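> next come a sequence and a model predicted from it.
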Amino acid sequence: MPELPEVETVRRGLLPVMEGKRIDLAIQRRPNLRWPLPDRFAERLTGRRVERMGRRSKYILADLDDGETLIIHLGMSGRMLIEGSVLGDYVHEEGGHGKHDHVEFHMEGSARVIFNDARRFGAMDLCATDEVNDHKMIKTLGPEPLGNEFNASILAERLKGKMTPIKSALLDQKIVAGLGNIYVCEALYRSGISPKRMAGSISRARIETLTTEIRDTLQEAIEAGGSSLRDYRQADGELGYFQHSFKVYDQEGEPCRTEGCKGRIGRIVQSGRSSFYCPKCQR
């Protein structure tokens, strides 16, 4: 599942070909993705201008000139591809459509944006722009970890009294939006907090550190993706899913990188997901 940095990287990659541009033609090749697509989906999008490309948690939000917003969720395997466009120093050649190219946007300026999803766990929907925050996929989300509404006081209040492991608590999208397995592992490692520690038992001082590390970890991942995007020349125009240099995730058995620590990275399973951590310096 792509996490917040990957989704933000995709959003930024779509900006030059979608924001401020008209959708000359929208094409849907099936009636549903994870759920049914809205009635008259392609018809309602054709001819519309994208006024703004935003993001809420792991959802890309395209505000349209008719007062509706296109909501895009990549799901497990969804990808946004760009073809037939010239973006800075790289060109994506246009070809035919693939087996899993379910939705296409032929944009003003000759770009073709394709939603490809082999497993169809992704989703798209349309709703009134002023009702986006009440949409079923968005209304229960917690604060954005990179937004002004996320801080140590808010996180402390949301963790108060919780007798669940901090790793599980941070993956709860109602507590904080957009965090996934990879970046929670990384932020906990950088904070020196064990993924097994009960969320409600963490001191205010350590929550301050954790809040900072969540922000820094996400920002660094976004910057790494942005740097990769500027040099991106792959023929199929795929955006996102860049390789990052993780300190703990998927590093089982490797030496801990904390200075002076002689531990090795371990792995446990929590709620069906792998947690990577250092048993010696994460407490």
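Done, it's in. Numbering: from 1, shown residues only.
> the strands in the stretch 1-150 of the chain, which residues?
23-28, 50-56, 59-64, 68-73, 78-83, 85-87, 90-92, 101-107, 112-117, 123-128 (DSSP state E, counting those that start in this stretch).
> just for the stretch 1-150 of the chain, where's the confidence low?
For the stretch 1-150 of the chain, applying pLDDT under 70 flags the ranges 1, 85-97.
> ok, now with 80
Scanning the stretch 1-150 of the chain for pLDDT under 80 picks out the ranges 1-2, 84-97.
> one step back: could you dump the strands of the stretch 1-150 of the chain into CSV and include mean neighbour count?
No exception for glycine: its C-beta is placed from N, CA and C like everyone else's. Below are the strands of the stretch 1-150 of the chain laid out as CSV (neighbours: other CB atoms under 10 Å):
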stretch, mean neighbour count
strand 23-28, 18
strand 50-56, 18
strand 59-64, 21
strand 68-73, 23
strand 78-83, 23
strand 85-87, 16
strand 90-92, 17
strand 101-107, 22
strand 112-117, 22
strand 123-128, 19
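> let me know which of those strands is the nearest to Cys261.
strand 50-56 (35.9 Å; CB to CB).
> and of the strands of the stretch 1-150 of the chain, who's closest to Thr212?
Per CB to CB, nearest to Thr212 of the strands of the stretch 1-150 of the chain: strand 50-56, 21.6 Å.
> just checking: what are the partner strands of the closest one?
strand 59-64 (antiparallel) (DSSP bridges).
> let's have the strands of the stretch 1-150 of the chain in CSV, adding distance to Gly263.
Shown next, in CSV, are the strands of the stretch 1-150 of the chain (distance: least, CB to CB, whole Å):
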stretch, distance to Gly263
strand 23-28, 52
strand 50-56, 36
strand 59-64, 38
strand 68-73, 38
strand 78-83, 37
strand 85-87, 45
strand 90-92, 43
strand 101-107, 46
strand 112-117, 40
strand 123-128, 41
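> compare those and give me the one nearest Cys278.
strand 50-56 (31.9 Å).
> do you know which of the strands of the stretch 1-150 of the chain lies nearest Gly260?
Taking CB to CB as the criterion, strand 50-56 is the member of the strands of the stretch 1-150 of the chain that comes nearest to Gly260, at 38.7 Å.
> what does that closest one contact?
Contact partners of strand 50-56, identified using CB atoms under 8 Å, 6 or more residues apart in numbering, comprise 7-8, 11, 14-15, 18-23, 60-65, 132, 138, 141, 144, 177.
> what of stretch 273-283?
167, 171, 181, 185, 188-189, 192-195, 197, 248-252, 256, 258, 261-269.
> show me where the stretch 151-283 of the chain has its strands.
Under DSSP E, counting those that start in this stretch, the stretch 151-283 of the chain gives strands at 266-270, 273-277.
> TSV for those strands, including distance to Pro2?
Formatted as TSV, the strands of the stretch 151-283 of the chain follow (distance: least, CB to CB, whole Å):
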stretch	distance to Pro2
strand 266-270	20
strand 273-277	15
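> need the winner for burial among those strands.
strand 273-277 (a mean of 20; mean count of other CB atoms under 10 Å).
> for that strand, what does the pLDDT average out to?
Taken as a whole, strand 273-277 has a mean pLDDT of 97.
> got the angle for that strand vs strand 266-270?
150 degrees (axes from the mean of the first three to the mean of the last three CA atoms, to 10 degrees).
> sheet-wise, list the partners of strand 273-277 with their directions.
Next to strand 273-277 in the sheet, as set by DSSP bridges, lie strand 266-270 (antiparallel).
> and the contacts of strand 50-56, which of them are buried?
Neighbour counting over the contacts of strand 50-56 (16 or more other CB atoms under 10 Å) leaves 7-8, 11, 14, 18-19, 21-23, 60-64, 132, 138, 141, 144, 177 as the buried ones.
> filter the contacts of stretch 273-283 to the buried ones?
Counted by 16+ other CB under 10 Å, the contacts of stretch 273-283 give 167, 171, 181, 185, 188-189, 192-195, 197, 248-249, 251, 256, 258, 265-266 as buried.
> which members of those occur in helices, if any?
Members of the buried ones among the contacts of stretch 273-283 lying in helices (criterion: DSSP state H): Lys167, Leu171, Asn181, Cys185, Leu188, Tyr189.
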